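**Student:** Here is my input; please provide its structure:
(2 chains)
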Amino acid sequence: GAVVSQHPSRVICKSGTSVKIECRSLDFQATTMFWYRQFPKKSLMLMATSNEGSKATYEQGVEKDKFLINHASLTLSTLTVTSAHPEDSSFYICSAYRGRRELFFGEGSRLTVL
Amino acid sequence: GQQLNQSPQSMFIQEGEDVSMNCTSSSIFNTWLWYKQDPGEGPVLLIALYKAGELTSNGRLTAQFGITRKDSFLNISASIPSDVGIYFCAGQLGAGGTSYGKLTFGQGTILTVHP
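**Tutor:** From the prediction side, this is the model:
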């Protein structure tokens, strides 16, 4: 079964609203999680590294005020897309590092902004 | 930033045929990973390569970490319909630890297998 779970798997929202996506490690603690974004038929692009108990590290070109990341516990990281617009529509995927070179991806969350 | 050039972009093959895809980079990577992604799902790890020159198999899949550390290939032998999906290579630059999860992905190879 899945060891990293994302919720919701699909979300549709109106332009201007904020949407929160959760990433949970189900049977291990993850001090570090990662958020990726994927456009249709495109590659995964790393957005940020989520660090438990500290600020996330964002990749160049990713707006930190737009994509808020909170890693408040060892099993949960959240990505909040603030004031969403249609161009934010995408497939968001998280991964969690278990240590010893073990990295697990979530099932992804598809965001559609109308 | 780093880029991985993955080819081919897509492949249409008959069931039973062998498949080969590869990735090249201008940068040296410490780890090469190959993933498969089904529609609407997250990527699933197929093979991980940690040493230059390493050749690793996983069932009908075989992958190699190029000796220059700038390339890798994935072979699938005797393809079956369930091999359909998008295959991604991914490289990891860091020396280890939590940076292991910071991956650079290739553009993907879309594989279609005709019965």
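
**Student:** those helices in chain A, which residues are they?
**Tutor:** For chain A, helices defined by DSSP state H do not occur.

**Student:** Up against chain B, what does it have?
**Tutor:** Applying CB under 8 Å from any CB of the partner chain, we find that chain A lies next to chain B at A:4, A:6, A:31-34, A:41-46, A:49, A:51, A:60, A:91, A:93, A:95-97, A:101, A:103, A:105-108, A:110. Where you see a C-beta, it was placed from the backbone N, CA and C, and this is true even at glycine.

**Student:** Give the buried subset of these as a ChimeraX selection command.
**Tutor:** Filtering the residues of chain A next to chain B down to the buried ones (16 or more other CB atoms under 10 Å in any protein chain shown) takes a single ChimeraX command:
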select /A:4,6,31,32,33,34,43,44,45,46,49,51,91,93,95,96,97,103,105,106,108,110
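
**Student:** Spit out the contact partners of the residue nearest to residue A:12 when sequence neighbours are not counted.
**Tutor:** Excluding the flanking residues, the one nearest residue A:12 by CB to CB, 6 or more residues apart in numbering or on different chains is residue A:112, at 4.6 Å. By CB atoms under 8 Å, 6 or more residues apart in numbering or on different chains, the residues touching residue A:112 are A:10-13, A:89.

**Student:** Return the list of helices and strands in contact with the helix or strand hosting residue B:35.
**Tutor:** Using DSSP states H and E, residue B:35 sits in strand B:31-37. Counting contacts by 3 or more CB pairs under 8 Å, 6 or more residues apart in numbering or on different chains; DSSP states H and E, strand B:31-37 packs against strand B:44-49, strand B:61-65, strand B:71-76, strand B:85-92.

**Student:** The residues of chain A next to chain B in strands, which ones?
**Tutor:** With strands taken from DSSP state E, the overlap with the residues of chain A next to chain B comprises A:4, A:6, A:32-34, A:44-46, A:49, A:51, A:91, A:93, A:95-97, A:103, A:105, A:110.

**Student:** just the contacts of residue A:112 now: which is nearest chain B?
**Tutor:** Closest approach to chain B among the contacts of residue A:112 (CB to the nearest CB): residue A:10, at 8.7 Å.

**Student:** which residues does the closest residue to the closest one other than its chain neighbours form a beta bridge with?
**Tutor:** Leaving aside its sequence neighbours, residue A:10 sits nearest to residue A:110 (CB to CB, 6+ apart; 4.9 Å). Taking DSSP bridges as the rule, residue A:110 bridges to residue A:10, residue A:91.
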